[in-house]
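K.L.:
quick one: sequence plus predicted model below, questions after.
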Amino acid sequence: MEFFIILYALLSVSALNPAVMQYYGLANAGTVTYVLLGVSGGLFLLIYALRAAGLSAMAKNAGKKDLAWCAFIPFASTYLMGELAGEARLGSLRIKKIGVVVLIAELLYTAAMALTCVPQLIAFGDYDRYITTVEGDYGVSLGFSAEFSNTLYKMYMVGNVLSIVFQLIYILAAVLLFVCFFRRYAPVSYIWLTVLCVLLPADAFLIFAFRNRKRVDYGAYMRARAEEIRRRQQQYYNPYDPYNNPYNNPYNARYHDPHSDNGQGGAYRNGGQNGAPPREPEDPFGGFGSGGTDDPFDDGKGNGGGN
């Protein structure tokens with residue numbers, strides 16, 4: 001599938017389109033077509049090799065050695081990817097074989113792309129005979145000449161329509177597959193990895209990069225994360241102390257006397273501990289009160305006495 005996607009993209013770029021290049025006298029249309037075929041084939045082989053090596057290693061690490069051969073066969077590698085991803089869920093719908101669903105959508109999309117690309121390649125192979133160019137206000141527009149096969153032209157038109165329809169179906173199915181797959185191998189960042197793979201054919205590079213990772217149970221992973229968050233919250237927040245009392249008052253008291261000598265670690269304004277009578281905390285300014293003996297204004301003559 002990647003081969004036709006890359007080829008169609010290159011044919012669609014006006015600067016690389018064989019007809020446009022020949023129109024401006026830059027190159028022979030047939031030669032450019034072969035170059036684009038070579039570039040598309042080379043990129044496809046690179047993607048194929050990375051995906052095969054990655055999925056093969058993942059299958060062996062996951063205990064699915066009997067399916068490792070699927071990694072080296074186009075379309076079958078999609079099925080293996082689904083087996084590694086596990087069950088997919090869409091609301092209340094459970095899809096146990098998401099790889100099979102994506103494989104079918106991929107086959108249909110590839111066939112539609114082939115219907116679109118093959119007539120273009122044939123036409124560009126004999127540019128002077130099958131291609132017409134019209135220079136307009138917005139550049140050169142291309143079309144098939146009257147000598148071009150009517151059957152090939154209809155194939156091209158049908159392929160254009162079907163490629164749009166099957167592309168949408170493939171994207172929807174592939175999103176489910178990528179979500180399940182990256183939850184297994186990159187649970188922290190599976191969302192943006194899924195978006196990346198939908199927009200670009202980057203899954204082969206990511207599969208190769210994650211080939212030595214162990215497959216995880218996403219449900220168990222989320223439960224472990226929730227438990228870790230709960231432990232951290234309990235560490236920094238006491239549900240019996242909404243004011244975050246630094247002395248961890250179990251009686252929900254706001255103030256605690258760390259200097260109490262009741263033998264129980266201190267008394268509480270709202271009640272004693274272990275039967276101890278409640279007491280007020282020591283007043284740090286008590287020595288300066290009316291009942292104190294260290295009156296800084298006392299001249300030593302007594303309270304109420306005088307000369």
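P.N.:
Nice, I can see it.
K.L.:
ok, which stretches of the chain are helices?
P.N.:
2-12, 18-23, 29-61, 76-85, 98-125, 127-130, 150-185, 190-199, 203-209, 218-236 (DSSP state H).
K.L.:
only alpha carbons, please: show the first one as CSV.
P.N.:
Just to be clear, that refers to helix 2-12. Only the C-alpha atoms of helix 2-12 are listed here, as CSV (Å, rounded to 0.1, in the frame of the first residue of the first chain):
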residue,chain,number,x,y,z
GLU,A,2,2.8,2.4,0.9
PHE,A,3,4.2,2.0,-2.6
PHE,A,4,1.1,3.4,-4.3
ILE,A,5,0.7,6.1,-1.7
ILE,A,6,4.2,7.4,-2.3
LEU,A,7,3.9,7.1,-6.0
TYR,A,8,0.6,8.9,-6.1
ALA,A,9,2.0,11.7,-4.0
LEU,A,10,5.0,12.1,-6.3
LEU,A,11,2.8,12.1,-9.4
SER,A,12,0.6,14.7,-7.8
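K.L.:
contacts for it, please.
P.N.:
Residues from elsewhere that reach helix 2-12, judged by Cβ atoms under 8 Å, 6 or more residues apart in numbering: 16-18, 36-37, 39-41, 43-44, 47-48, 110, 113-114, 116-117, 120, 124, 201. Where C-beta positions appear, they are placed from N, C-alpha and C, glycine not excepted.
K.L.:
wait, what's in contact with S189?
P.N.:
Taking Cβ under 8 Å, 6+ apart, we find S189 in contact with F182.
K.L.:
turn the helices of the chain into CSV, including mean neighbour count and mean pLDDT.
P.N.:
Shown next, in CSV, are these (neighbours: other Cβ atoms under 10 Å; pLDDT from 0 to 100):
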stretch, mean neighbour count, mean pLDDT
helix 2-12, 18, 83
helix 18-23, 21, 72
helix 29-61, 18, 90
helix 76-85, 22, 94
helix 98-125, 20, 91
helix 127-130, 16, 79
helix 150-185, 18, 93
helix 190-199, 16, 91
helix 203-209, 20, 93
helix 218-236, 10, 82
